[in-house]
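**Student:** could you look at this predicted model? Sequence included:
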Amino acid sequence: MHDALTSAIETGKLDQYTTDHLISHLVESEWDDRYNRKIARAVKNARFRYVAQIENLVYNQDRNLDQNGVLRLAQFNFIKKGQNLLITGSTGVGKSYIASALGHQACIEGYKVLYFNTTKMLAHLKMAKADGSYLKEIARIERHHLIIFDDFGLQVMDKQNRMALLEIIEDRHEKGAVIFTSQLPVNEWYDIIGEKTVADAVMDRLVHNAHRIELTGESMRKKRTQKIIEN
């Protein structure tokens, strides 16, 4: 409010306001500032891999990315219903960017979001087991409306990682949403998780209420590099 009043004085607009209009302007400025800071905090706390926005997504036919489908996802009914989104495709096709764009928009809509590189997250939880902070970390994850697991399936899981993943997915089942991105088709995730009983439990909870985006086409990074070289 102080900044808005100072700006009105410095720009000579103060005399244009009635008392009611001035108070309204100051209150609206305060509200806008608090709202913008809230979004900035949410985005910072999410720790996204990319600064990504829904408006910047590319909907080429060869990518198999449906604009209407993405916009429906961006209404976040899947978060409200505790459903999941599985994004698959070869390296560089934009899986992480799409997940980050949806996560960023979710922050704007007031949802609490966390982004993880899956391998690093599981390693962190393994360290948390050793130092006694595991339950605190799991509780922190539970408090968020949407969790993004990026680059799932880069390495086969050991027993401790399997159980940590199962606990997270079990806690969020139909209560909190998750987004997974992976280079591997969903039917190969069983082998990555390993141990049939645990894999079945995880996949049953992930897949049965999941939306899917299966990206195709050339690497977006490769295309950008070629465009830079050509220019």
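**Tutor:** All right, it came through fine.
**Student:** what's in contact with stretch 55-66?
**Tutor:** For stretch 55-66, contacts defined as Cβ atoms under 8 Å, 6 or more residues apart in numbering pick out 67, 70, 93-94, 97-98, 101, 213-218, 220. In this view, the C-beta of every residue, glycine as well, is placed from N, C-alpha and C.
**Student:** buried ones among those residues?
**Tutor:** For those, a neighbour count by 16 or more other Cβ atoms under 10 Å gives the buried set as 70, 93-94, 97-98, 101, 213, 215, 217, 220.
**Student:** and those, which is the shakiest by pLDDT?
**Tutor:** Lowest pLDDT within the buried ones among the contacts of stretch 55-66 is found at Met220 (65).
**Student:** per-residue pLDDT, the most centrally placed residue in the chain?
**Tutor:** Ranked by distance to the mean C-alpha position of the chain (Cα atoms, centre = their mean), the top residue is Gly103 at 3.1 Å. On pLDDT, Gly103 comes in at 97.
**Student:** the domain parsing of the chain - what is it?
**Tutor:** 2-44, 48-230 (automatic domain parsing).
**Student:** now, of the ones you listed, which is deepest in the fold?
**Tutor:** domain 48-230 (a mean of 17; mean count of other Cβ atoms under 10 Å).
**Student:** before we move on, back to that, my guess is the residue nearest to the centre of the chain contacts Glu109. True?
**Tutor:** No: with contacts counted by Cβ atoms under 8 Å, Gly103 stays clear of Glu109, the gap being 10.7 Å.
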